[in-house]
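Student: Kindly generate the corresponding structure for this input.
(one chain, ligands or ions: 1)
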Amino acid sequence: PFSASDRHDITHLWEKMAPNVEFLGEEAMERLFKSHPKTKTYFSHLNVEHGSAAVRAQGAKVLNAIGHASKNLDHLDEALSNLSDKHAHDLRVDPGNFHLLCHNILVVLAIHFPEDFTPRAHAAFDKFLAAVSETLYSKYR
Ligand code: ZNH
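Tutor: Down below sits the predicted model:
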């Protein structure tokens with residue numbers, strides 16, 4: 001359950017991110033790959049080098065899904081249903097990878113929106129990303 005201040009902070013951070021999903025998403029993916037190289041194995045069919053258009057596109061997709069989730073905080077299961085089917089049945093991403101990506105998204109927010117990334121907003125967004133992740137791996141078994 002998200003408090004009123006969680007909702008405010010999540011919505012506010014999403015509004016800051018929305019105009020720059022490609023740039024911010026690319027950086028989050030690149031940081032994920034650099035700090036946890038094993039995560040690259042899921043993307044072996046794509047070019048994951050610095051500056052790759054495929055990484056930019058993937059980062060934008062991830063952040064746009066997070067934006068969609070931020071507008072559906074009370075029914076993440078329905079809002080992310082297709083995506084969670086895809087991660088469970090098709091992509092088979094090990095659930096242990098989700099928090100690594102979430103961490104890197106938080107790092108990117110902290111770097112680019114230092115004024116907005118207060119301890120309170122940090123905690124709210126962390127909780128939100130954990131809820132999104134949990135929804136995405138909820139169908140694994
Ligand atoms: Zn994921 C895909 C989101 C996590 C891996 N993804 C994807 C997409 C999206 C996403 C939106 C697209 C889909 C379509 O197109 O249909 N993810 C997401 C989110 C998250 C995630 C939101 C969290 C938060 N993923 C993840 C992880 C991993 C992954 C952690 C590993 C590491 N994904 C993936 C892959 C893919 C995806 C591999 C596919 C790619 C291509 O293109 O092929």
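
Student: Residue numbers of the protein in contact with the ligand?
Tutor: Counting by Cβ under 6 Å from any ligand atom, the chain comes close to the ligand at 39, 42-43, 58, 61-62, 65-66, 83, 86-87, 91, 93, 97-98, 101-102, 129, 132-133, 136. Bear in mind the C-beta positions are built from the backbone N, C-alpha and C, glycine included.

Student: List buried members of those by neighbour count.
Tutor: Those of the residues of the chain next to the ligand that meet the buried threshold are 39, 43, 58, 62, 65-66, 83, 87, 93, 97-98, 101-102, 129, 132-133, 136, by 16 or more other Cβ atoms under 10 Å.

Student: Low-confidence stretches in the chain?
Tutor: Applying pLDDT under 70 to the chain flags the ranges 141.

Student: F43 contacts G59, doesn't it?
Tutor: No. Counting by Cβ atoms under 8 Å, F43 does not reach G59; the two are 11.2 Å apart.

Student: tell me the contacts of D9?
Tutor: 118, 120-121, 124-125 (Cβ atoms under 8 Å, 6 or more residues apart in numbering).

Student: surely L106 meets K127?
Tutor: No. Look at L106 against K127 with Cβ under 8 Å: they stay out of range, at 11.1 Å.

Student: Mind putting the contacts of D9 into a markdown table with neighbour count and secondary structure?
Tutor: Below are the contacts of D9 laid out as a markdown table (neighbours: other Cβ atoms under 10 Å; DSSP: H, G, I helix; E, B strand; the rest coil):
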| residue | neighbour count | secondary structure |
| --- | --- | --- |
| T118 | 12 | coil |
| R120 | 12 | helix |
| A121 | 21 | helix |
| A124 | 22 | helix |
| F125 | 26 | helix |
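
Student: Between those, which sits nearest the ligand?
Tutor: F125 (11.5 Å; Cβ to the nearest ligand atom).
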